[in-house]
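Asks: everything below, folded, please.
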Amino acid sequence: MDNSNQSESVPLVYFDLSQETLTSSVVSFSNNRQSFTLVGGENSSARFSNFSQNDAKQTKSVDREGKTKKLKKSLLMMVPSILDWFLEDPEESVGQCTKIKCSSADMYAATRCYRRKVKKPMGFTEAVLNKYSLDDFRVHFRMSRGTFEKLLKVLAKRGENLFFRTHGGGRPPVPMETSVMLALWYMVTTESLSKIGNRFGVTGSTTFRCVRILIQALTGDLYNELICWPDSDEQLQMQDGFRHLQGLPNVVGVINSLHLPVRTPSDAPENYRNKSGRTSIILQAVCNNKLKIIDCFSQCPGQMDNYDVLQVSDLYQKMQDSSKSVIPEGSYLLADETYPLLPWILTPYSEYGNITSSHKLFNNIHKDTKGVIDTMFRVLLTRFHRLRYLDMDLDFAYKFVSGACVVYNHCVVSGEPCIVDNIPMKTDVNGRSVLIRDDMSASVSRVQIMQRLSMQRGTH
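Replies: The predicted structure follows:
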């Protein structure tokens, strides 16, 4: 088939530069690959191929009786940009070519492959961020400039393959410092991708690419380095730290779960709806007396209760195998009543029936000590506002939560102050779904601890 016949076998789109209207006439498709030709004017012809007929059918916006009507509004809005791409010098070519003829499919294809030249403010990092005072920098990034520079050095070493890629042409890559700043801005605020991109002089898609690269770097080797179980010497220090709080002995951490609201998934949304009626995912975390996260697990939907999350976590699997146990015998984690009483988990007494003053004293001490993890969750949500509503797909949401925990621990290790907003938290949303029998040996240990505390406080 010659070129003249091929040009008559595709829908034609006429863009009249004098009237600024876009109309089309219909002819039938006869082949799977289409091309277009720009008519008139010097240097104003081009060809476009590798565009399938199926894609063309989806973009066709004209009827089969030959009536004309406007194409999609989004396509029409992009026509001036497409013309800039078609014609090397549109202003000079207008006098020579008043009409451009191409297929509607090819016009749409051009919109997909052409990157619009959007004017954005440049130099935001150099002109604004680098001139922030120390206090202003901490307010905007929830960390000091020194802590940020430490994180930058760690990422440069751990994520070299992610941040330093060979430039294969096109637009220059975003510098690493700007990329990390941009991604952190996304994590600590609730601004949209396009708004953040406009600040830093990039597009919304580039913004999300920077966020994705940072999360990938955080959840790699750096995750295992900053979120790890303490060794025996560190556990002894943690026991001393918890003992100095309220007097509870042998405590190596506090465990609890936090519900993080997430965009309703299209697949099985009922599995993510908790008892409060909101869709969420669950972050189970263990922290020490200094608010550092020593274990976290964020792979469960909001419908599950705390005990169910515990059973599928890596921590529980390790504790079931004595050879992999990370908590020494005689030590334990503090947890609320939604968890079972186990040899390595200490829960309070149920406050119903006949409880003595000793039981009440134990519960009060337990509650005050366990409050460490509530403070940790509040600091986490204060530092990363994005966690208050995860408007993203589930797979990335799970990774995002883990990445936020890594940056949080980096701030704790660097000595950042723990600023807390007065925000509501959803921890024990689902309660306990089934009655769990307490471990007998753990019950004996709890009684001994209660009696020891009663003797120390002079309560009977």
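Asks: which of the helices or strands spans His259?
Replies: Take DSSP states H and E as the rule and His259 turns out to sit in strand 251-261.
Asks: counting by contacts, list what that strand packs against.
Replies: For strand 251-261, the helices and strands in contact under the criterion 3 or more C-beta pairs under 8 Å, 6 or more residues apart in numbering; DSSP states H and E are helix 232-246, strand 280-287, helix 306-312, strand 332-334, helix 357-383. In short, each C-beta sits where N, CA and C put it, glycine included.
Asks: parallel or antiparallel, list what pairs with that strand.
Replies: The strands beside strand 251-261 in its sheet (DSSP bridges) come out as strand 280-287 (antiparallel), strand 332-334 (parallel).
Asks: convert it to PDB, retaining C-alpha atoms only.
Replies: Extracted C-alpha coordinates of strand 251-261, given in PDB (Å, rounded to 0.1, in the frame of the first residue of the first chain):
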ATOM      1  CA  VAL A 251      12.200  -4.900  81.000                       C
ATOM      2  CA  VAL A 252      13.900  -4.900  77.600                       C
ATOM      3  CA  GLY A 253      11.300  -3.100  75.700                       C
ATOM      4  CA  VAL A 254       7.600  -2.100  75.100                       C
ATOM      5  CA  ILE A 255       5.500  -3.500  72.300                       C
ATOM      6  CA  ASN A 256       2.300  -2.100  70.800                       C
ATOM      7  CA  SER A 257       0.600  -1.600  67.500                       C
ATOM      8  CA  LEU A 258      -0.600   1.600  65.700                       C
ATOM      9  CA  HIS A 259      -3.300   1.900  63.100                       C
ATOM     10  CA  LEU A 260      -2.300   4.100  60.200                       C
ATOM     11  CA  PRO A 261      -5.100   5.300  57.900                       C
END
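Asks: if we can go back for a sec, out of the strands paired with strand 251-261, which gets nearest to Ser443?
Replies: strand 332-334 (12.7 Å; C-beta to C-beta).
Asks: spit out the contact partners of Val407.
Replies: 151, 184, 187, 218, 383-384 (C-beta atoms under 8 Å, 6 or more residues apart in numbering).
Asks: and if you look at Ile215?
Replies: The contact partners of Ile215, by C-beta under 8 Å, 6+ apart, come to 183, 396, 399-400, 403.
Asks: show me which of those residues are buried.
Replies: Those of these that meet the buried threshold are 183, 399-400, 403, by 16 or more other C-beta atoms under 10 Å.
Asks: widest-spaced pair of these?
Replies: Pairwise distances across these peak at 12.8 Å for Ala183 and Lys399 (criterion: C-beta to C-beta).
Asks: for Cys300, which three-state class applies?
Replies: Here Cys300 takes the strand state, with states given by DSSP: H, G, I helix; E, B strand; the rest coil.
Asks: can I get the strands paired with strand 251-261 in JSON lines including distance to Tyr307 and mean neighbour count?
Replies: As requested, the strands paired with strand 251-261 are exported to JSON lines (distance: least, C-beta to C-beta, whole Å; neighbours: other C-beta atoms under 10 Å):
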{"stretch": "strand 280-287", "distance to Tyr307": "11", "mean neighbour count": "25"}
{"stretch": "strand 332-334", "distance to Tyr307": "14", "mean neighbour count": "25"}
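Asks: just put those in TSV and tack on mean pLDDT and distance to Met440.
Replies: Below are these laid out as TSV (pLDDT from 0 to 100; distance: least, C-beta to C-beta, whole Å):
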stretch	mean pLDDT	distance to Met440
strand 280-287	96	24
strand 332-334	96	15
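Asks: just put the ones you listed in CSV and tack on distance to Asp233.
Replies: Output for the strands paired with strand 251-261, formatted as CSV (distance: least, C-beta to C-beta, whole Å):
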stretch, distance to Asp233
strand 280-287, 18
strand 332-334, 18
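Asks: Phe208 is nearest to which of these?
Replies: Evaluated over the strands paired with strand 251-261, closeness to Phe208 peaks at strand 280-287, with 19.5 Å, by C-beta to C-beta.
Asks: ranges for the strands of the protein?
Replies: Assignment of strands within the chain using DSSP state E yields the ranges 12-16, 21-25, 99-103, 251-261, 280-287, 293-301, 332-334, 345-346.
Asks: next, count neighbours for Met238.
Replies: Other residues lying near Met238 total 21 when counted by other C-beta atoms under 10 Å.
Asks: surely it is in contact with Asn288?
Replies: Yes: look at Met238 against Asn288 with C-beta atoms under 8 Å: they come within range, at 4.8 Å.
Asks: okay, and the common contacts of the two?
Replies: Residues within reach of Met238 and of Asn288 at once, by C-beta under 8 Å, 6+ apart, are 230, 252-253.
Asks: got TSV for those, with distance to Asn130 and pLDDT too?
Replies: Listed next are these as TSV, based on distance: C-beta to C-beta, whole Å; pLDDT from 0 to 100:
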residue	distance to Asn130	pLDDT
Pro230	37	94
Val252	43	96
Gly253	39	96
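Asks: now, among those, which is nearest to Val444?
Replies: Checking those against Val444 by C-beta to C-beta gives Val252 as the nearest, at 19.5 Å.
Asks: residue contacts, that closest one?
Replies: 230, 235, 238-239, 242, 288, 327, 331-333.
Asks: between those, which is closest to Asn130?
Replies: Checking those one by one against Asn130 (C-beta to C-beta), the nearest turns out to be Asn288, at 35.3 Å.
Asks: ok, that closest one to Leu226 distance?
Replies: Summarising the geometry, the distance separating Asn288 from Leu226, computed by C-beta to C-beta, to the nearest Å, is 13 Å.
Asks: tell me which of these two has more neighbours.
Replies: Here Asn288 and Leu226 are set side by side on neighbour count (other C-beta under 10 Å), and the busier one is Asn288, at 24 against 19.
Asks: what about Ala404, how many residues nearby?
Replies: For Ala404, using other C-beta under 10 Å, the count is 24.
Asks: so which bits of stretch 368-380 are buried?
Replies: 369-370, 372-374, 376-380.
Asks: what residues does stretch 314-322 touch?
Replies: Among residues not part of stretch 314-322, those counted as contacts by C-beta under 8 Å, 6+ apart are 286, 295, 297, 310, 324-327, 344.
Asks: neighbour-wise, which one of the residues you listed leads?
Replies: Each of these was scored by neighbour count (other C-beta under 10 Å); the top score is that of Val286, with 26 neighbours.
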